[in-house]
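Participant: Can you look at this prediction? I've put the sequence above it.
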Amino acid sequence: MRTLDDLDVKGRRVLVRADLNVPLDGETITDDGRIRASVPTIRSLVERGAKVVVCAHLGRPKGQVKPEFSLRPVARRLGELLDQDVAFASDVVGDAARATVDTLQDGQVALLENLRYEPGEESKDEAERRAFAERLAGLADLYVGDGFGAVHRKHASVYDVPRLLPHAAGGLVEAEVAVLRRLTDDTERPYVVVLGGAKVSDKLGVIANLLTKVDRLLIGGGMAYTFLKAQGHEVGNSLLQEDQIDQVRGFLDEAGKRGVELVLPVDVLAATGFAADAEHDVVEATAIPADREGLDIGPRTRELFAAKLADAKTVFWNGPMGVFEFDAFSGGTRAVAEALIGSDAFTVVGGGDSAAAVRRLGLPEDGFSHISTGGGASLEYLEGKTLPGLAALED
Ligand code: ADP
Ligand code: MG
């Protein structure tokens, strides 16, 4: 994969596909993590005298211009972080975009409006996508792929444009891929993966592939109840995906055959309902009352998981251990995060909600070796899938 250093960018128009998909409350950015992660690549291009044209998506406007998904507030924040003006083009590839790009001087930066305002960006129709990609590519001389959170999408700005322009991977994509390689090739052992979050079905592919690679798999969060049920236990009103029980039973068998230690919760916080102030008790994971739902792993499980992480040399963690959005049920997630922070292992956090949990709990982000900016993209990489955006950059 070519990197930024392989491109001669001075005086050239460089289209940077970034991931600026941040959470907004009205026009207020509630977490600018992804914008901050995009800054080093843009700054490096600025310093080398490129005319930098940034493109990105925000939310899911589905091919329509919807003002609540405008990137305008992001342009402002990007300008503050870069400490220079960022010109904002009020369309993606129209008159405004062309005029904005035409006025750029060497070392200046522009941001185009939300890529997903254009139906061609996400279109499954190759010709429609290609036509949009050609218009986008027409705005620049070179392409830099740096939107790691979108590299698993076969979208025009991710997949088609790099086939039309000389291209390289940006620093963020390079760093993310280097981390993922350490989780898939010659991984230092013991290799322990902690999975949680809401649905098993989101993570079936990754579980299947990880069972061939890891030494231990710790399962918490909402998905643990489908595993407990597959072992024949009652889970009360806990989150359960009935239709996944057979598949999960298969995973339990597979883990046994391969000698992978699959560790499930031994106790849970069983609540009377799904609410921040719901009454709750610690119960055995094998004895959840019919009228209760498990909203967090219990204290013995927290200790057990910490012990199973203690000797790890590599750890990947995806998915909260409980409903961390409610303080009363955030303790399990905190315990796992703290075990990683205290560990000497190479520790990687993947998943939007897991990263948000780290910040919400006030834990130091630099306590982990790496917090990925791309949940879906990291999971698909670990599933062993080819990611369209990376494949296009490799060609
Ligand atoms: P990530 O974005 O890190 O991959 P997911 O999106 O898979 O994580 O899951 C995050 C969600 O899982 C959180 O909103 C959390 O409240 C929910 N969750 C975790 N444990 C439980 C549980 N026991 N019951 C219901 N929801 C849960
Ligand atoms: Mg999520």
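Facilitator: Thanks, I have the structure now. Ligands and ions are numbered 1, 2, ... in the order given.
Participant: can I assume Asp296 sits in a strand?
Facilitator: Yes: Asp296 forms part of a strand when assessed by DSSP: H, G, I helix; E, B strand; the rest coil.
Participant: so it touches Asp327, yeah?
Facilitator: No: in this structure Asp296 lies outside contact range of Asp327 using C-beta atoms under 8 Å: 10.6 Å. Yep, even glycine has a C-beta here, placed from its N, CA and C like the rest.
Participant: between these two, which one's more packed in?
Facilitator: Asp296 (31 against 12; other C-beta atoms under 10 Å).
Participant: residues in contact with the residue lying closest to the more buried one once chain neighbours are set aside?
Facilitator: Distance criterion C-beta to C-beta, 6 or more residues apart in numbering; nearest residue to Asp296, sequence neighbours excluded, is Gly322 at 2.9 Å. Going by C-beta atoms under 8 Å, 6 or more residues apart in numbering, Gly322 touches Gly196, Gly220, Gly221, Leu269, Leu295, Asp296, Ile297, Phe329, Ser330, Gly331, Gly332, Thr333.
Participant: Return the closest of those with respect to ligand 1.
Facilitator: Set against ligand 1, the nearest of the contacts of Gly322 by C-beta to the nearest ligand atom is Gly221 (3.7 Å).
Participant: Neighbours of that closest one, how many?
Facilitator: For Gly221, the count of nearby residues is 32 (other C-beta under 10 Å).
Participant: distance of it from Asn318?
Facilitator: Distance, Gly221 to Asn318, by C-beta to C-beta, to the nearest Å: 10 Å.
Participant: State the number of residues packed around Glu303.
Facilitator: Other residues close to Glu303 by other C-beta under 10 Å number 14.
Participant: And for the one 4 residues further on?
Facilitator: Residues near Ala307, counting by other C-beta under 10 Å, number 11.
Participant: Checking my notes, it in a helix, right?
Facilitator: Yes: looking at Ala307 with three-state DSSP, it is inside a helix.
Participant: so which strand or helix has Ile207?
Facilitator: According to DSSP states H and E, Ile207 maps onto helix 204-210.
Participant: average model confidence for that helix?
Facilitator: Regarding helix 204-210, the rounded mean pLDDT is 93.
Participant: what's the spacing between it and its chain's center?
Facilitator: Put simply, helix 204-210 sits 16 Å off its chain's centre (C-alpha atoms, centre = their mean, to the nearest Å).
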